[in-house]
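Peer 1: Provided below for reference: sequence and predicted model.
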Amino acid sequence: MIEILTERLTLRPLTTDDLEWISAFRGDADVMRYIGSTGPMTPDQSRERLDRYVACWAERGLGMFGVRELDQDAPIGWAGLQPLDGTEEIEVGYAFGKAAWGRGIATEAASAVMRWGFRSLALERIVAVAYPENDASRRVMQKLGMRHEAMRLVHGVESVYYSVTALDFEKHASSANMPLS
């Protein structure tokens, strides 16, 4: 099983065993405020989404990771790589419970999965989308060296669309003193 360790985090691929906490997070209106277009999810909707994440791992060799602080059992959120709906582009995505907000956790987790995608999967480019008013997510994208390219309709919502190439990500990480190993 793939495991990514960072200075503060452990990331492991999501499995069907993660349903209980995924349902709790996806049922939280604050967590889901800027994710998708339906708002909080029911347990059945959460199960369907988790099944998609697990299938993505099986079919594509990439997907969402459950994120935990080092030496902690309780998950604090998820982050990972998946195909951007309706395209062959690979998107970095992340969402965290309120206890993780404002601590740089999203940037740390997203950076780790992007580094893994570029280095281990030989991806050439990674994209990200967000609601235009989701300033926190846009700041994460910018901290990762991603550049705003356009507005796009994603999940029925007009969204900002960012991207970064492998080379630009490595250059940015090096100049920003982001850990690369």
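Peer 2: Structure's in. What do you need?

Peer 1: what's the single longest helix in the chain?
Peer 2: Assignment by DSSP state H gives helix 43-60 as the longest helix of the chain.

Peer 1: What helix or strand is residue 138 located in?
Peer 2: Residue 138 belongs to helix 135-143 when assigned by DSSP states H and E.

Peer 1: Now do that helix: which elements does it pack against?
Peer 2: Secondary-structure packing of helix 135-143 (3 or more CB pairs under 8 Å, 6 or more residues apart in numbering; DSSP states H and E): helix 105-120, strand 125-130, strand 157-165. Using the backbone N, CA and C atoms, a C-beta is placed for each residue, glycine as well.

Peer 1: Off-centre distance for the longest one?
Peer 2: Meaning helix 105-120. With CA atoms, centre = their mean, to the nearest Å as the basis, helix 105-120 stands 9 Å off its chain's centre.

Peer 1: Would you mind listing the buried residues in that helix?
Peer 2: Using 16 or more other CB atoms under 10 Å as the test for burial, helix 105-120 gives 105-118.

Peer 1: same deal with the second one?
Peer 2: Buried residues in strand 125-130, counted by 16+ other CB under 10 Å: 126, 127, 128, 129, 130.

Peer 1: one step back: could the helices and strands packed on helix 135-143 go into a markdown table alongside distance to residue 21 and mean pLDDT?
Peer 2: Formatted as a markdown table, the helices and strands packed on helix 135-143 follow (distance: least, CB to CB, whole Å; pLDDT from 0 to 100):
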| stretch | distance to residue 21 | mean pLDDT |
| --- | --- | --- |
| helix 105-120 | 16 | 96 |
| strand 125-130 | 23 | 96 |
| strand 157-165 | 26 | 94 |
